[in-house]
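**Q** Just to be clear, the model below is a prediction. Sequence and coordinates:
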Amino acid sequence: MEPIYTYPKTLIDVPLHYCPGCTHGIIHRLIAEIVDEMDIGKETIGIASVGCSCFNYDYFNFDMVATAHGRAPATATGVKRVHPDCLVFTYQGDGDLASIGTAEIIHAAVRGEKISVIFVNNGIYGMTGGQMAPTSLPGMKASTAPYGRKVESSGYPIKMTEMLALQDGCVYAERTKISSVGSIAKTKKAIRKSFELQSAGKGFSIIEILSTCPTNWGMEPLDSIQWMEQNMEAYYPVGVIKDLEGGGKE
Amino acid sequence: MTHKCLIAGSGGQGIMLIGKILAHSGMREGKHVMFLPSYGSEMRGGTANCSVILSDEEIDAPVIDQPTCLIAMNAPSFDKFEQKLAPKGIVIVNSSMVVRKAEREDLFIAGVPANELAREIEAERVANMIMLGTLIAATQCVTLESVMESLEELLPPHRHHLLPSNQKALEAGMKLVKKS
Amino acid sequence: MVEKQLIKGSEAIAEAAIRNGCKYFFGYPITPQNEIPEYMAKRLPELGGTFLQGESEIAAIYMVLGASAAGARVMTSSSSPGISLKQGGISYLSGSELPCVIVNIMRGGPGLGAIQGAQPDYWQATRGGGHGDYRLLVLAPATVQEAVDLTFEAFDLADKYRNPVMILGDGVLAQIMEPVTIPEAKAWQENHPWAVGKQHHRERNMICASYPDVEILEKVNQKLHMKYDEIRRSEVRWESFRLEDAKYVLVAYGTAARIAKAAVKTAREKGIKAGLMRPISVWPFPQQPFIDLIPQAKFFLSVELCTGQMIDDVRLATGNARPVYHFGRLGGVLPLPEEIVDRLEQLIKEES
């Protein structure tokens, strides 16, 4: 009998440390499935950043480099320049990519660095305990915004993927979400497209994935998905933002 | 024997080039040499100067307290460094740009109308070579042959057509010392 | 016999790196070391290597981390304020046990300071520099030839110990031109078994400086400590000058040591029994040679282009056995040999 559902080869079969209802596990699995399907497990190098996903080097079964907060695009640049024929991706959260690592991510896009960026945006710092992120929505409560984010003092949520898409070196930018079987399938398709573009020697691509944080949002997992779709998605619309290979902006 | 040369002027007068040529020529002759440009705000116009040490012995300190010789391509350089020279130091002063007489009486001063001479030979850009010629004649620190060989090595091949006019300039500078 | 060439210190450092297999350079402009990246920008593409000007010193050091993790010989260079910005990355490199060469062409500080050569970063360089309990192997050349030789060797040392090596120079070393012989290019193959890359014939590799389990981190710290002890035992370098019968020991490194050497010669001409102890490796610091000098020395005089930092190491090495004094010019001002001799004579008078 042919198995129709197996554990991905490039995902190590250990319990994940993520909270119940967290979507990192799903995204990890999608990446591993794509690596397996493209049969590039022996040529893939992941760059772990700092945030909840910082221990993902314990889960992916291929070469991994763990780097400092925000610096994954710079580290990926160093790796990719030495191994241009390997698939190199960064896996970054919103604090990492949209706050401390803003310069690194923009300049990686500007240079058209041939890397794939997986950007998981849940609008909050998870690992450090629910502090406000640059992507937190107006009014959203966080441990460092106990009265809710006030745009008068903290500004507006940053739309990183739109900004990166403006850079000529960026060939593909898409925002997806993890909320349902359908949106998970769309996310997988987007990541696969990014990996394929990189394998074909095209430029920089970013997949932003709207995600949840039931623990720090203080919600049940299902409620958090609903909240994400109703609030996050309203501010960060999902869809292809830039697709140079597919005929320009959608 | 140690020659501690200070070459000073303004940006664009070819100060660094003749400093490098001098150091290079010394190296060709098997001497210990050192070239140190002053840098900083002075890199962007204004005064430029560099130190060159040529010695039979190992060179320790890269700083020159009392230069044994000075090329002063303009008046501010002469003003700034005259008092710093070693006793009986040699000064090659560009008399096209410096009108005043030396204050010290122990110095050997060679006034060189470098700009006028340079125009006669080719153009003002060889004025630095005339001054260098006078310096090597007055100090005997390196030979004309070494300088010409260094020039040939340092100038890129597409500039080698400039070698004859540079040699003329060096010789013109040297002649002034023999006269005096 | 390879012919000597007259070359600027900064360019000599860059060429020496290339000759020993450095094919990757990541940097960011800052005076007075710009000739290093400029030289690399010109030369590395000719050799099929990569020069990249990062968006900041921070980005550049993490590019170094990536290239080193990928198994390449890689270098970065900067000057004091830029080296401060790189410290986080240097800590990660050390924690990940990644080899690389970092050049610090020091200038006067604190803050933006001034661009003239000085030695105000001794503490930073010799105490690790960033957060965490780590050390760099720090070599301090005094001449352009020594800068060539030490930079060349730095890549081998970095690989040998899987540790960043710092070349600690100053603006004078970077700008001075002296005749040097640069070693012939050495063949070097990227084949570190621990590096990331293609994994067809091995298990996966993981590079990280993150150990959430404190018991594991303690073991990592112990392992690093043992490595640093091994470096202390094996890599101490120094030069002694006229120390055989010296009663007054000048201590200086880099450019300050050149001036101090001239001062020793002047002092000797005056009949003063002075000598120079020049640490070449400032970490590991040459402790034993100082201990050996105690019986003959009346005092030590640390000559530095700062308010006195290496003096701490001289005191640690000599205990309270002999007085240790300091002389320095600051902010990028270079002392004249005579100023050092004056200070020496004054101290001798006070001591007697």
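**A** Received the coordinates, thanks.
**Q** Show me which helix runs longest in the chain.
**A** No chain specified, so I'll use chain A. The longest helix of chain A (DSSP state H) is helix A:181-199.
**Q** Chain B was what I was after
**A** Ranked by residue count under DSSP H, the longest helix found in chain B is helix B:163-179.
**Q** Could I get the average pLDDT for that helix?
**A** Average pLDDT, helix B:163-179: 91.
**Q** Which strands and helices lie in contact with it?
**A** Where contact means 3 or more CB pairs under 8 Å, 6 or more residues apart in numbering or on different chains; DSSP states H and E, helix B:163-179 is packed against strand B:108-112, helix B:114-121, helix B:127-139, helix B:144-154. Every C-beta, even on glycine, is put in place using the N, C-alpha and C of the backbone.
**Q** give me phi/psi at the residue of the stretch 101-250 of chain C found nearest chain B?
**A** Chain B sits closest to residue C:177 of the stretch 101-250 of chain C, with a gap of 4.0 Å, by CB to the nearest CB. Backbone torsions for residue C:177, taken as degrees, to the nearest 10, come to phi -110, psi 130.
**Q** which residue packs closest to it, ignoring adjacent ones?
**A** residue B:35 (4.0 Å; CB to CB, 6 or more residues apart in numbering or on different chains).
**Q** can I assume that neighbour sits in a strand?
**A** Yes: under DSSP: H, G, I helix; E, B strand; the rest coil, residue B:35 sits within a strand.
**Q** Can you name the residues that contact it?
**A** Residue B:35 makes contacts with B:19-20, B:22-23, B:50-52, C:6, C:176-178, as judged by CB atoms under 8 Å, 6 or more residues apart in numbering or on different chains.
**Q** Most remote residue from the middle of chain B, which is it?
**A** Using CA atoms, centre = their mean, the residue of chain B lying farthest from its centre is residue B:158. It sits 24.4 Å away.
**Q** Need the three-state assignment for that residue.
**A** Residue B:158 carries the three-state label helix when classified by three-state DSSP.
**Q** Quick check: bridge partners of the residue nearest to residue C:177?
**A** residue B:52, residue C:177 (DSSP bridges).
**Q** Distance check, it against chain A.
**A** The gap separating residue B:35 from chain A is 36 Å, by CB to the nearest CB, to the nearest Å.
**Q** what comes up buried for the longest helix of chain A?
**A** A:183-184, A:186-188, A:190-199 (16 or more other CB atoms under 10 Å in any protein chain shown).
**Q** Can you pull out the low-pLDDT segments for chain C?
**A** Scanning chain C with the threshold set as pLDDT under 70 gives C:1-2.
**Q** Could you point out the longest helix of it?
**A** Chain C, longest helix under DSSP H: helix C:214-234.
**Q** Can you name the residues that contact the residue nearest to the spatial centre of chain B?
**A** For chain B, the residue lying nearest the average C-alpha position, counting by CA atoms, centre = their mean, turns out to be residue B:132 (4.2 Å). Residue B:132 sits next to B:18, B:21-22, B:71, B:147, B:170, B:173 when contact means CB under 8 Å, 6+ apart.
**Q** What count of nearby residues applies to residue 110?
**A** Chain wasn't specified; assuming chain A. Residue A:110 has 16 neighbours, counted by other CB atoms under 10 Å in any protein chain shown.
**Q** Correction: the question concerned chain C.
**A** Neighbours around residue C:110, by other CB under 10 Å: 9.
**Q** how much space between it and residue C:81?
**A** Computed as CB to CB, to the nearest Å, the residue C:110 to residue C:81 distance reads 9 Å.
**Q** Next, see if the longest helix of chain A gets close to chain C.
**A** No: using CB under 8 Å from any CB of the partner chain, helix A:181-199 stays clear of chain C, coming no nearer than 13.9 Å.
**Q** CA atoms only: put the helix or strand just after that helix into CSV for me.
**A** For helix A:181-199, the following helix or strand on the C-terminal side (DSSP states H and E) is strand A:204-210. Written as CSV, here are the backbone C-alpha positions of strand A:204-210 (Å, rounded to 0.1, in the frame of the first residue of the first chain):
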residue,chain,number,x,y,z
PHE,A,204,15.2,38.3,-3.9
SER,A,205,11.8,37.1,-2.9
ILE,A,206,9.7,37.4,0.3
ILE,A,207,6.7,35.5,1.5
GLU,A,208,5.0,37.2,4.4
ILE,A,209,2.7,34.9,6.4
LEU,A,210,0.1,36.4,8.6
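**Q** buried sites along strand A:204-210?
**A** A:204-210.
**Q** can you give me the angle it makes with helix A:181-199?
**A** Relative orientation of strand A:204-210 and helix A:181-199, computed by axes from the mean of the first three to the mean of the last three CA atoms, to 10 degrees: 160 degrees.
**Q** Please identify the pairing partners of strand A:204-210 and their relative orientation?
**A** The strands that strand A:204-210 pairs with in its sheet are strand A:116-121 (parallel), strand A:170-177 (parallel) (by DSSP bridges).
**Q** Out of these, which one sits most buried?
**A** strand A:116-121 (a mean of 27; mean count of other CB atoms under 10 Å in any protein chain shown).
**Q** distance between that strand and the chain's centre?
**A** Put simply, strand A:116-121 sits 2 Å off its chain's centre (CA atoms, centre = their mean, to the nearest Å).
**Q** pull the CA atoms of it into CSV?
**A** The C-alpha trace of strand A:116-121 is given here as CSV (Å, rounded to 0.1, in the frame of the first residue of the first chain):
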residue,chain,number,x,y,z
SER,A,116,14.1,33.4,0.0
VAL,A,117,12.7,35.2,3.0
ILE,A,118,10.0,33.6,5.1
PHE,A,119,8.5,36.4,7.2
VAL,A,120,6.1,35.3,9.9
ASN,A,121,4.0,38.2,11.0
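**Q** What does the pLDDT read for the residue in chain A that chain C sits nearest to?
**A** Among the residues of chain A, residue A:78 lies closest to chain C, at 2.3 Å counting by CB to the nearest CB. On pLDDT, residue A:78 comes in at 98.
**Q** Tally up the residues packed near it, please.
**A** Using other CB under 10 Å, residue A:78 has 32 neighbouring residues.
**Q** my read is it is in a helix, agree?
**A** Yes: counting by three-state DSSP, residue A:78 is located in a helix.
**Q** Tell me who's in contact with it.
**A** Contacts for residue A:78 (CB under 8 Å, 6+ apart) come out as C:24, C:26, C:62-70, C:74.
**Q** Many thanks, I have nothing further to ask.
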